[in-house]
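J.: Got a sequence here, can you model it:
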Amino acid sequence: MVRCRYPHRTRTALRGGGRVTTHRLKTWPDFYGAICDGSKPFEVRLDDRGIKVGDWLQLEEFRLIGGYTGRRCVLAVTYRLALKEAPGIPYDALDAAGGEWVVLGLRMVRSEEHTSELQ
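T.: Numbering: from 1, shown residues only. Alright, predicted model coming up:
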């Protein structure tokens, strides 16, 4: 196991013969639950990390009061749609936040509770 000192950092490792980057992301409880139970197989995010298809997201449940809960799930990014490339999306409204907004298709790799180390 590799302990990551800064929870917002990304790590790159060799998995299955290739390099996989794992992005550690805080996620609000409502969204965390829906993603990790499979009812929300996508995520809309400001892509400030250069997330690509094949990367992994380690979502860590985070409460405004209380911080990290210890619940996390790891998902593979199976699809990436930059919203500025999507037809019919008024991207100007999203552009006000700066950066590139993306929709990420996700597939569950594993789910864990009460652990804080990145493997």
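
J.: contacts and neighbour counts: CA atoms only from here.
T.: Fine.

J.: List the buried residues of the top strand by length along the chain.
T.: Determined from DSSP state E, the single longest strand within the chain is strand 67-82. Buried residues in strand 67-82, counted by 16 or more other Cα atoms under 10 Å: 68, 71-78, 80, 82.

J.: just these now: which is nearest Cys36?
T.: Cys73 (6.4 Å; Cα to Cα).

J.: Chain neighbours aside, what residue packs nearest to that closest one?
T.: Ser111 (4.0 Å; Cα to Cα, 6 or more residues apart in numbering).

J.: what about the one you found, how many neighbours?
T.: Close neighbours of Ser111, defined as other Cα atoms under 10 Å, add up to 14.

J.: OK, contacts around it?
T.: 36, 71-74 (Cα atoms under 8 Å, 6 or more residues apart in numbering).

J.: so what secondary structure elements neighbour the longest strand of the chain?
T.: Here strand 67-82 touches strand 56-63, strand 101-113, going by 3 or more Cα pairs under 8 Å, 6 or more residues apart in numbering; DSSP states H and E.

J.: Wait, Leu57 touches Arg24, no?
T.: Yes - between Leu57 and Arg24 there is a contact under Cα atoms under 8 Å: 6.1 Å.

J.: element containing Ala34, please.
T.: Using DSSP states H and E, Ala34 sits within helix 29-36.

J.: For that helix, which residues meet the burial criterion?
T.: Here helix 29-36 shows 29, 32-33, 35-36 as buried, counting by 16+ other Cα under 10 Å.
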